[in-house]
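Asks: Give me the fold of what follows.
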Amino acid sequence: MDDQSKGIKVREAIVAGIFYPEDPSELGAAVHAHLAEASPPRTDAQAVLSPHAGFSYSGNLEALAWKAASGRRIDTVVIIAPRHRLDSSEVYLPESDFFETPLGSIPVDRAAIEELESCGMIFRMGDIPHFEEHSIEVQLPFMRSLFPEASLVPVLTGTPGKPVSNALACALDLVFYERMASVLFVVSTDLASSADAREAGRRSDAFLESIRVRNTDAMLVGGEGSPCGSACVATILSTMILRDASWTLLQRIDSRAARANPDEKIVHYAAGAWFPGV
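Replies: Predicted coordinates for the structure are as follows:
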């Protein structure tokens, strides 16, 4: 949406009332409750892995992931998330100046967006992919609650192969490495899904193991039922930013208890963090 009187572009909250409460008081209470229950072992994460399902499915894990960075002073949050609707290798940056949430609008770091766009031909500037996608939006209530003064760099990926993933990693290093002390990286991804519970578990086990050993090639294979943000994880692990960081799996669950319909596919979710090496 454009604010015609000021020439400001705003990306509206499109899944409020669906994935999370639309009423600001109800949403604030839900976020507060999830954060109050979260107990990460540390709160200085350089980057976190957070699911992007609705609050009833994975809100507790989203809170756990975000709280793992809550002890830092953060000026900029870079969210790297998958675009579900299109099979392409491009990377999508927004034209919007703000991303709206029921808890208040979050400013986009336009200078960082322009720097990223200048880094290569992999980037496409446009709001339509961001209007169509929820994987960044569901993270924003936690960002707004924990880092209310921070600006946002929202990055959507299609299904990039290794060259595009590596190019995006290089761009992130070029733009953010020198100021990474005040930047938080959030990778928005669920784990694997399948109608068969054992298969969903097996694929999720394999994906988490690939994170542990930094096997980025395995993350870029893709396929039906694969983690929808696996390429995003491969990208952040290919940066110099996380070269010396250590991975911690914070918690893992699946969707069986939250399903409204027993015919729904079973999806696994995890919260994780990359902490500075000690």
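Asks: so where's the stretch 51-200 of the chain shaky on pLDDT?
Replies: Applying pLDDT under 70 to the stretch 51-200 of the chain flags residues 86-87.
Asks: One more pass at 80, please.
Replies: Along the stretch 51-200 of the chain, the model assigns pLDDT under 80 to residues 84-89, 159-160.
Asks: Which stretches in it count as strands?
Replies: Counting by DSSP state E, counting those that start in this stretch, the stretch 51-200 of the chain has strands at residues 76-82, 91-93, 98-99, 106-107, 123-125, 151-157, 183-188, 193-194.
Asks: strands paired with the second one, and their directions?
Replies: Meaning strand 91-93. Under the criterion DSSP bridges, strand 91-93 sits next to strand 123-125 (parallel), strand 151-157 (antiparallel) in its sheet.
Asks: can you give me how far the shortest one is from the chain middle?
Replies: In this case it means strand 123-125. 18 Å (CA atoms, centre = their mean, to the nearest Å).
Asks: For that strand, buried residues please.
Replies: Residues Phe123 are the ones in strand 123-125 that count as buried (16 or more other CB atoms under 10 Å). Just so you know, the C-beta spots here come from the backbone N, C-alpha and C atoms, and that holds for glycine as well.
Asks: Kindly compare burial across the strands paired with strand 91-93 and name the winner.
Replies: A comparison of these by mean neighbour count, using mean count of other CB atoms under 10 Å, puts strand 151-157 on top with a mean of 25.
Asks: May I have it exported as PDB, CA atoms only?
Replies: This file holds the C-alpha atoms of strand 151-157, laid out as PDB (Å, rounded to 0.1, in the frame of the first residue of the first chain):
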ATOM      1  CA  SER A 151      15.400  -1.500  11.100                       C
ATOM      2  CA  LEU A 152      14.600  -4.400   8.800                       C
ATOM      3  CA  VAL A 153      16.300  -5.900   5.800                       C
ATOM      4  CA  PRO A 154      13.800  -8.500   4.300                       C
ATOM      5  CA  VAL A 155      15.300 -10.900   1.800                       C
ATOM      6  CA  LEU A 156      13.200 -13.400  -0.100                       C
ATOM      7  CA  THR A 157      14.800 -16.300  -2.100                       C
END
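Asks: Fine by me, we can end here.
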